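In: sequence and predicted structure are below.
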Amino acid sequence: MKDKIFRIAIDGPSGAGKSTIAKAVAKKLNIDYIDTGAMYRAIGYKMSVCGVYPEDLEAVNTVLAVTDIDFTDGCIYLDGRDVSDHIRTPEMSMMASICSTLPAVRKKLVEIQRAMAERKSVIMDGRDIGTNVLTDAEVKIYLTASDEERAQRRFLELRDPQTYEEVLEDIRQRDRNDMTRKLNPLCRAEDAVELDTTGMSIDQVVERVLEIAAHKTA
Ligand code: DC
């Protein structure tokens, strides 16, 4: 695995632990981690700062044309500014999910994501990485967990806490949005290994992902 270039694609629903696991695996393998959800959140953040409604496609396109997105060293940059601290609210989760249904948004971000994964090993997480962004990734994992466990994890990590029931409802609403949208909906790639992390510790999941990666890239 050492000198070979390989891409690990991790997809799955909200709260399945994708970013926690991907970050830990990236560190173990000394490769870059790319959080594509943060990119959709940054777009959602920009639309709300600019007062643009996602239904107003003309305004969306105008804003997109002058929007620069980058993800480096674990931080999300919007027009050169680190906005990592602004994108993790329940409102931005919903804005990101809505903006991610827009073809112009997906086109722009997928181009950036593919360019980031060129000529280097990366682990990238999102909803359409194995099925669309990096269809030729050497390793594909579909990470999932029960609705209740995912809501519990989100509930514990939220800075601006909602009740557990509100978090669970949000998660189910986002699952519906992400799995039923027309363009590149969330689904398991045929060649992805499905990993249900319900009841598993972070260390156990990381270990399992490393085993799968070692096996697939041997
Ligand atoms: O992973 P996350 O919760 O930060 O993602 C926020 C939203 O962005 C999610 O509801 C769906 C969307 N998204 C997407 O459509 N495609 C991706 N590759 C990543 C995220």
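Out: Yes, it's here. Numbers count the residues shown, from 1 in each chain.
In: how about the residues of this structure by the ligand?
Out: Within the chain, the positions near the ligand by C-beta under 6 Å from any ligand atom are 14, 36-37, 40-41, 93, 96-97, 100, 126-129, 174, 178. C-beta here means a position set from N, CA and C on the backbone, and glycine is covered the same way.
In: so which residues of the protein form helices?
Out: Using DSSP state H, the helices of the chain run over 18-29, 36-49, 57-65, 90-99, 103-116, 147-157, 164-180, 202-216.
In: quick revisit: for residue 162, state which of the residues of the chain next to the ligand is nearest.
Out: Closest approach to residue 162 among these (C-beta to C-beta): residue 93, at 10.4 Å.
In: quick one: that closest one and residue 171 touch, right?
Out: No - if you go by C-beta atoms under 8 Å, residue 93 and residue 171 don't touch, sitting 9.1 Å apart.
In: which neighbours do the two share?
Out: residue 14 (C-beta atoms under 8 Å, 6 or more residues apart in numbering).
In: show me the contacts for residue 29.
Out: With contact set as C-beta under 8 Å, 6+ apart, residue 29 has these partners: 1, 121, 123, 210, 213.
In: and of these, the nearest to the ligand?
Out: residue 123 (13.2 Å; C-beta to the nearest ligand atom).
In: list the contacts for that closest one?
Out: Applying C-beta under 8 Å, 6+ apart to residue 123 gives the contacts 7-8, 10, 22, 25-26, 29, 31-34.
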